[in-house]
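>>> no sequence on this one, just coordinates:
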């Protein structure tokens, strides 16, 4: 039976689309402390529309220290990515520390780019001041207590990054009580300065707060830009 030209074109388009999806890069999303994968759903949706294969990981952020969470979260994501493609990471808050710790301890073949949203790369003074307050560990778990700025904090034990990294910091706070512990500007949980890390490829700020920066349209636009080009979109003077 002869195939019509229209049918042949439809099949060709379908095949091309399937090839595009299969060849797309995989992006692993790692949420922050005391959050779930639901907090990254908007970002996941946009990245999927952009053609990326997206793995939105949920992990028990309040149950284990960073050393254990890192392996749990990262390898949970890796297990769901295609085995032969480029693997990127987009993280929020604690998620950035998890991928830093993992990549310092492990070689990852096929690693692409990493974008961190509001990461406590140099720790947070909020933890320094509130860590010993009753209930802090109950709410934030063992990993939360590791995010200070002292010499025993996890950030003090991690070295410079040796991968392609873009950092997005928030400059607006919705929590004036916590902000009083932080150098300005800050996002209510970490200062802008503390998000930076030696070796990062690009850095940009957005006018959003820590809990919601990963849902902000402007931040998501910057995430897509870095994943595609290795740089953020900076306003010209």
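Perfect, thanks for sending it. Everything quoted here is computed from the prediction, not taken from an experiment.
>>> which other residues reach the one helix or strand residue 45 maps to?
In this structure, residue 45 sits in helix 41-49 according to DSSP states H and E. Helix 41-49 is contacted by residues 27, 29, 37, 54, 56, 90, 214-215, 220, 223-224, 227 when judged by CB atoms under 8 Å, 6 or more residues apart in numbering. (Glycine included, C-beta is placed from N, CA and C.)
>>> So for this protein, the centremost residue is which one?
The chain has residue 91 as the residue nearest its centroid, 0.8 Å off, counting by CA atoms, centre = their mean.
>>> you'd agree residue 203 is in a strand?
Yes: assessed with DSSP: H, G, I helix; E, B strand; the rest coil, residue 203 lies in a strand.
>>> returning to what we had before: the residue nearest to the centre of the chain contacts residue 99, correct?
Yes: the pair residue 91 and residue 99 passes the contact test of CB atoms under 8 Å, sitting 5.7 Å apart.
>>> joint contacts of the two?
Joint contacts of residue 91 and residue 99 (CB under 8 Å, 6+ apart) are 30, 114, 116.
>>> Go through those and flag which are in strands.
Counted as lying in strands by DSSP state E, out of those, are 30, 114, 116.
>>> if we take those, which one ends up nearest to residue 174?
residue 116 (20.2 Å; CB to CB).
>>> Can you name the residues bridging to that closest one?
Judged by DSSP bridges, the bridge partners of residue 116 are residue 91, residue 167.
>>> what about it, neighbour count?
Per other CB atoms under 10 Å, the neighbour tally for residue 116 reads 29.
>>> Quick one: residues contacting it.
90-92, 95-96, 99, 165-168, 195.
>>> Low-confidence ranges, the chain, go.
1-24, 237 (pLDDT under 70).
>>> where do the helices sit along it?
With DSSP state H applied, the chain shows helices at 5-23, 41-49, 66-78, 94-105, 125-130, 136-145, 154-157, 176-179, 217-229, listed in chain order.
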